[in-house]
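In: no sequence for this one, just the structure:
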């Protein structure tokens, strides 16, 4: 089933999660099942699977970058999820990114996903590559690739009408398309600058939007209000993350451009024990969920990566 239909039928009670493919040097596919099994039992509806661009691990003698992907397998994990949980009604939503793909490689990837029976994708620009020191480089699109996610969305949307690269007619591949949005702005921009970008994505064919993580619901409500004023009427799904480590007070704003409210920071700083910090983060996230539910959100989306206590949050709000 397409995510947009799940959202329409769910009456606001839909819950989804995002996971990463495992690092094959450390884990196999069982690691994914270990994360998802308890969440499936709690009634989640679909699973996003991230795509990680290759990073530069060294430069050869000719100063050419040598690349390695630490977490490959987005397509394989998506297929495994459909095989294991498809009878439970779970949908896999693999990410499709601009980073490291040209348009033809994107087309091949999409055809492969279609052959797997996958009906949903999340279309993103994607993070830029990382250099040997682990720091992000300036984003550069691949030669013959998409610079912005709106172009990627349009390529995917064209397939609904059987329009392939070069305008050639072919088989129709009807993906439901999710896209991202940023309640607190993107790359240092003002949050109001986000609205024209969202309009471009929706006009290109995005069926629904999912926000970057945020910790102050005001930012979500403001984005939703401004989007409605601009004539953007697709569902905007709030993305949530239970903060469970003290170091995230610094790293999350740095990497995800999200503010940590003073009240939350003070609660986290008050504790030194890991369990106390985790409980404070869970409590904050649960309160966010409860308010969002009261205000009629279409669903809740949790970032379930790196051991985040998403299960505990879902148990508390069910």
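Out: Ah, there it is. The structure presented is a predicted model; accordingly, all values stated were derived computationally and were not measured. Numbers count the residues shown, from 1 in each chain.
In: And the helices in this structure?
Out: 3-10, 29-41, 74-85, 103-115, 149-160, 194-204, 217-229, 248-256, 262-269, 274-294, 310-317 (DSSP state H).
In: mean confidence for the longest one?
Out: In this model, helix 274-294 has a mean pLDDT of 98.
In: quick one: average pLDDT of stretch 124-143?
Out: Mean predicted confidence for stretch 124-143 is 82.
In: Just the buried residues of that stretch, please?
Out: Of the residues in stretch 124-143, 124-130, 141-142 count as buried by neighbour count, 16 or more other C-beta atoms under 10 Å. For every residue, glycine as well, the C-beta is placed using N, CA and C.
In: List just the nearest of these to residue 300.
Out: The closest of the buried residues of stretch 124-143 to residue 300 turns out to be residue 124 (C-beta to C-beta; 19.6 Å).
In: need the contact list for the closest one.
Out: 51, 95-98, 149, 152, 179-180 (C-beta atoms under 8 Å, 6 or more residues apart in numbering).
In: And those, which two are furthest apart?
Out: 51 and 179 (14.3 Å).
In: What count of nearby residues applies to residue 236?
Out: Neighbourhood size, residue 236 [other C-beta atoms under 10 Å]: 20.
In: give me every residue that touches it.
Out: Residue 236 makes contact with 181, 208-211, 220, 223-224, 227, 297-298, according to C-beta under 8 Å, 6+ apart.
In: Number of residues surrounding the residue nearest to residue 82 when sequence neighbours are not counted?
Out: Distance criterion C-beta to C-beta, 6 or more residues apart in numbering; nearest residue to residue 82, sequence neighbours excluded, is residue 92 at 5.1 Å. Other residues lying near residue 92 total 27 when counted by other C-beta under 10 Å.
In: before we move on, back to that, turn the helices of the chain into a markdown table, columns for distance to residue 68 and mean neighbour count.
Out: Output for the helices of the chain, formatted as a markdown table (distance: least, C-beta to C-beta, whole Å; neighbours: other C-beta atoms under 10 Å):
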| stretch | distance to residue 68 | mean neighbour count |
| --- | --- | --- |
| helix 3-10 | 32 | 17 |
| helix 29-41 | 19 | 16 |
| helix 74-85 | 16 | 19 |
| helix 103-115 | 18 | 16 |
| helix 149-160 | 24 | 21 |
| helix 194-204 | 31 | 18 |
| helix 217-229 | 36 | 17 |
| helix 248-256 | 20 | 14 |
| helix 262-269 | 34 | 14 |
| helix 274-294 | 31 | 17 |
| helix 310-317 | 29 | 19 |
